[in-house]
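Peer 1: predicted model, plus sequence, below.
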Amino acid sequence: MPDILTLPLSLLSYPQIDPVIFSIGPLSIRWYGLGYVAGILFGWWYSRRLVQTPRLWAQGQAPLSPVDLDDLVVWAAIGIVAGGRIGYILFYDLQRYLAHPLDMLALWEGGMSFHGGMLGTTLAMILFARSRGIPVWSLFDVVAAGVPPALGLVRVANFINAELWGRPTDAPIGMIFPTDPLQVPRHPSQLYEAALEG
């Protein structure tokens, strides 16, 4: 518990938002998962608009068709989830998963890594581009336009989960996150990232 005399004069209160939106029996819908789904759908919608706008492309022709883009969404979603999970296992909790390998499949327990998701998606896009004869850098250009809002949504979900908080601060914008073992005021870095990425 922080010493009341060392706290800043004004702190933002951490809003106690339930990470679970609703549950039906054993199935729970979480803000984090909704952030991923909404981000993927927004990226798909926005990228589709880009490829259907001829004036944006040299000779009026996008590097891929809307049908290619529809297929890419499936590849990218697999890359995000598989890469994010593998990254989490390797970077954050390898010993646990070596001791209990079946826990690797327990996605409902949480455990995704941004770095792994990015690497998984990048690999999926490279493989997809090669399989369709699409220039990889052109594909990256199309996808990159829709990514920032998706990242912003996931960062808001990180805030709701009270994870990825920032450095300690004595600034009035600091807040004490319930998951912080030190229980000191910290920057809400997830919200900074959501605003600057999205």
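Peer 2: Received the coordinates, thanks.
Peer 1: hey, let's count contacts and neighbours off CA atoms from now on
Peer 2: Noted.
Peer 1: how many other residues sit next to P135?
Peer 2: P135: 13 surrounding residues under other Cα atoms under 10 Å.
Peer 1: now swap in T169 and tell me
Peer 2: T169 is flanked by 16 other residues according to other Cα under 10 Å.
Peer 1: would you check that it makes contact with Q183?
Peer 2: No: checked against Cα atoms under 8 Å, the pair T169 and Q183 is beyond contact range at 11.7 Å.
Peer 1: so how far is the longest helix along the chain off the chain centroid?
Peer 2: Longest helix of the chain, by residue count under DSSP state H: helix 66-92. Relative to its chain's centre, helix 66-92 lies at 11 Å (Cα atoms, centre = their mean, to the nearest Å).
Peer 1: can you give me the offset of the helix or strand following that helix from its chain's centre?
Peer 2: Going down the chain from helix 66-92, the next helix or strand is helix 94-99, by DSSP states H and E. Relative to its chain's centre, helix 94-99 lies at 24 Å (Cα atoms, centre = their mean).
Peer 1: could you give the angle of the following helix or strand past helix 94-99 to helix 66-92?
Peer 2: Downstream of helix 94-99, the first helix or strand assigned by DSSP H and E is helix 114-132. Counting by axes from the mean of the first three to the mean of the last three Cα atoms, to 10 degrees, helix 114-132 points 150 degrees away from the direction of helix 66-92.
Peer 1: got the CA positions of helix 114-132 in PDB?
Peer 2: Written as PDB, here are the backbone C-alpha positions of helix 114-132 (Å, rounded to 0.1, in the frame of the first residue of the first chain):
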ATOM      1  CA  PHE A 114       2.500  -7.800 -29.400                       C
ATOM      2  CA  HIS A 115       6.000  -8.800 -30.700                       C
ATOM      3  CA  GLY A 116       4.900 -12.300 -31.500                       C
ATOM      4  CA  GLY A 117       1.600 -11.100 -33.100                       C
ATOM      5  CA  MET A 118       3.600  -8.700 -35.300                       C
ATOM      6  CA  LEU A 119       6.100 -11.400 -36.300                       C
ATOM      7  CA  GLY A 120       3.300 -13.900 -37.000                       C
ATOM      8  CA  THR A 121       1.300 -11.500 -39.100                       C
ATOM      9  CA  THR A 122       4.400 -10.400 -41.000                       C
ATOM     10  CA  LEU A 123       5.300 -14.000 -41.800                       C
ATOM     11  CA  ALA A 124       1.700 -14.700 -42.800                       C
ATOM     12  CA  MET A 125       1.600 -11.700 -45.100                       C
ATOM     13  CA  ILE A 126       4.900 -12.700 -46.700                       C
ATOM     14  CA  LEU A 127       3.700 -16.200 -47.300                       C
ATOM     15  CA  PHE A 128       0.400 -15.000 -48.600                       C
ATOM     16  CA  ALA A 129       2.100 -12.500 -51.000                       C
ATOM     17  CA  ARG A 130       4.400 -15.100 -52.400                       C
ATOM     18  CA  SER A 131       1.500 -17.600 -52.800                       C
ATOM     19  CA  ARG A 132      -0.500 -15.000 -54.900                       C
END
